[in-house]
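Novice: Need a 3D model of the sequence below.
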Amino acid sequence: MDAKRLETLPLFRDLSRKEREQIARWTDEVDVPAGYHLLEQGRLPHEFFVIETGTVAVAKDGEHIADLGPGDFFGEIAIMEHDRRTASVVATTPVTAIVMLARDFETMAGVMPHVAEQIHEAIRQRMQR
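Specialist: Residues are numbered from 1 along each chain as shown. Take a look at the predicted model:
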């Protein structure tokens, strides 16, 4: 992953160059077609995603609850709560996403608590909806 590209994503924009370089070492990029199932509710968590381009639909218990696009992220709740996936996510357009494995996500949260706090705040806001 190119650390320079992380500057365009709100979650990583305010990090130092050195921090973005570290994030880049922990991440990879994935391209998926429209209709691709990125997460399935009830499954064990293995990765965290940040959307670079494209859109996804989020459903819980079969009901559509949100649409996400560039800069949005998902997959963090199950990793941070050490639980199963709380929702399913399907690409509604072709999607390019930054992907971080759960173990790297947990390392990042420990090394960069300010990023973890941004993610916790997003979780709190989502739970209030």
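
Novice: what about the strands in the chain?
Specialist: Ranges of strands within the chain are 27-32, 37-39, 47-53, 56-60, 63-68, 73-74, 88-91, 95-101, based on DSSP state E.

Novice: so what's the closest residue to Ala66 other than its chain neighbours up against?
Specialist: Distances taken as CB to CB, 6 or more residues apart in numbering place Val58 nearest to Ala66, at 4.3 Å, with adjacent residues excluded. (Each C-beta comes from the backbone N, C-alpha and C, glycine too.) In this structure, Val58 makes contact with 64-68, 74, 87-89, judged by CB atoms under 8 Å, 6 or more residues apart in numbering.

Novice: OK, contacts around Arg25?
Specialist: Met1.

Novice: roughly how far apart are the closest residue to Gly71 other than its chain neighbours and Gly42?
Specialist: Distances taken as CB to CB, 6+ apart place Pro10 nearest to Gly71, at 4.7 Å, with adjacent residues excluded. According to CB to CB, to the nearest Å, Pro10 and Gly42 sit 29 Å apart.

Novice: Also Ala97?
Specialist: Applying CB to CB, one obtains 21 Å for the distance of Ala97 from Gly42.

Novice: and if you look at Met112?
Specialist: Taking CB to CB as the measure, Met112 falls 29 Å from Gly42.

Novice: Of these two, which one has the most company?
Specialist: Neighbour totals were compared for Met112 and Gly42, and Met112 leads with 17 against 12 (other CB atoms under 10 Å).

Novice: How about the more buried one: what's its closest non-neighbour residue?
Specialist: Glu19 (6.2 Å).
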